[in-house]
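> Need the 3D shape of this:
(chains A and B)
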Amino acid sequence: MKDSSYNHLTTWQFFLLATNYLIGPTYFVQMNGLISATKQWSWVPPLLAFIMSLGVLWLWLHLLKRHPGKDLAEITVGLLGQKLGFVISLIFIYFFILIASLATRNVGDVITTVAMDYTPTVVFNLLTITVAIYLLSKGLRTLGRSVEILTPFIFITFWGSLLLIIGEWDTDRIVPLPGSFDMQAIGSMTIAFFSFPYLEFLPILLLIPLTRNAKRTRQSVYLASIVTTISTVGVVFLLLGTIGDTRISNLTYPTMAAAQEISLFRTIENLDVFVSSILITTVLIKVSILLYAAFIFIKCVFRFPYRIPILFVLLFMTTAFSMGAHANIVENIEYAKTLVPIYSVILGILLPLLLLIMSYVRKGVQL
Amino acid sequence: MNMFTFLPFLIFLIITVIYLIVKKDRANLIKFLLMSLVTGWIWWTWSMDKLIDPLYPVKLLAKGLQNL
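Okay, the predicted model is just below:
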């Protein structure tokens, strides 16, 4: 799949994919935990997490810069050898499938909670994964072009629907109460935000060799992070100023609740449907990239030349994993604080650091 | 859930195995069967309502870190 011309991406497509990947389910999973823990100071953790992520982004891009034209799978197997490379690649594959299944489950949970109570979650999970697999079977260029068309629609609809709620704005709601600055809460939410979405950003590295201008692509990785941070802080302020931290603490999906508040000219109702469709689209992009990353690793490690059987294997695994990911949304929010930082640090920091050290140790090795 | 849920995997397995046998690609057939063994087990546990916990290794690690 990698060598074919239909997998070529332009820098603009790459930037859009990276931004959509980062934004993905962040607004739907992290907002409740973030605002209920840090109240009016909720804009601080995303900013701190972004500053921390700059170091990690440099680490990843430096690793790729040392091996131009190679993807992460080739670097792993080339630097660590067949045996150790195989083990580390399996860990990468596990994490990619795990994150894809968690992201898929988030869509299922949101839709079954907010809109379709009687439909089993597995229907939405299977739907998302099947479309992602179909996109991948057509090549990554199809995904790139789809994103080019969909992103303006996503941007206008998301911000358009949310800005309609601006009439409810009350500046007093964003003024911090005396003594509300909780350093411990800010610290724990910074780590949670740093892990998800920033450390989960690693699979995007597998798309960099598909673009032609490596330097501009590297710049667009940083730009995607900046856009995501600004957008997140904007959403935080909008939610705080309109719904208020007290109400948000009692809501599972505040972004969705904000959209539900809108009633335009008393005729246009249910704008949360638009926001749901945006969630499905962005998660679809995230899942596609994660499954592509897992696909590249499986193909490289097992040296299995057939594309469709690998994609079907991924379809079955991710669907089954997404069903067992957690029992309910409360558990999901709890895992975002406790378990996600653990696997994100392994995936985003420890493994790339190991590869970078090996890259310096085995300086002369030809990949 | 029941055997019916396992059927799609079984169909996929049979079609791919027949395809690889016809192509006389023995090396890749063995690799595919190994991959299917893991996938089949995961899909089977879900089909039979014994949900596999994908976060189990991470939970184990978290427990280990707490005990340190």
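> where does residue A:9 fall, phi/psi-wise?
When read as degrees, to the nearest 10, the backbone of residue A:9 gives phi -120, psi 140.
> Show me the shaky parts of chain B.
The model of chain B has pLDDT under 70 over residues B:1-2.
> And the top helix by length along it, what's buried?
When chain B is parsed with DSSP state H, its longest helix is helix B:26-47. Judged by neighbour count (16 or more other CB atoms under 10 Å in any protein chain shown), helix B:26-47 contains these buried residues: B:28-29, B:31-32, B:35-36, B:39-40, B:42-44, B:46-47. C-beta here means a position set from N, CA and C on the backbone, and glycine is covered the same way.
> Can you sort out which of these also neighbour chain A?
Among these, the residues lying close to chain A (CB under 8 Å from any CB of the partner chain) are B:28, B:31-32, B:35-36, B:39, B:42-43, B:46.
> Which of the helices or strands spans residue 14?
Using chain A. Secondary structure assignment for residue A:14, by DSSP states H and E: helix A:11-23.
> hm, I was asking about chain B
helix B:3-22.
> Name the SS class of whichever residue of the stretch 51-200 of chain A sits closest to chain B, please.
Nearest residue of the stretch 51-200 of chain A to chain B: residue A:98, at 5.4 Å (CB to the nearest CB). Secondary structure state of residue A:98, per DSSP: H, G, I helix; E, B strand; the rest coil, is helix.
> Name the nearest residue to it, ignoring sequence neighbours.
Ranked by CB to CB, 6 or more residues apart in numbering or on different chains and with sequence neighbours excluded, the top spatial neighbour of residue A:98 is residue B:54, at 5.4 Å.
> The one you found: neighbour count?
By other CB atoms under 10 Å in any protein chain shown, the residues close to residue B:54 number 23.
> now the one 10 residues further on
Here the neighbour count serves as a burial measure; for residue B:64 (other CB under 10 Å) it reads 9.
> so it is in which element?
Per DSSP H and E: helix B:56-67 holds residue B:64.
> Get me the contact residues on the stretch 201-350 of chain A for chain B.
So far as CB under 8 Å from any CB goes, the stretch 201-350 of chain A lies against chain B at A:298, A:302-306, A:309-310, A:312-313, A:316-317, A:319-321, A:323-326, A:335, A:338-339, A:342-343.
> circling back: ok, residues contacting whatever helix or strand comes next after the helix holding residue A:14?
Later in the chain than helix A:11-23, the nearest helix or strand by DSSP H and E is helix A:26-38. The list of residues contacting helix A:26-38 from outside it, by CB atoms under 8 Å, 6 or more residues apart in numbering or on different chains, reads A:42, A:44-46, A:106, A:110, A:182, A:185-186, A:188-189, A:192-193, A:196-197, A:228, A:232, A:235-236, A:239-240, A:245, A:248-249, A:251-256, A:279, A:332-333, A:336-337.
> So which of these sit within helices?
Reading helices off these with DSSP H, I get A:44-46, A:106, A:110, A:185-186, A:188-189, A:192-193, A:228, A:232, A:235-236, A:239-240, A:245, A:248-249, A:254-256, A:279, A:332-333, A:336-337.
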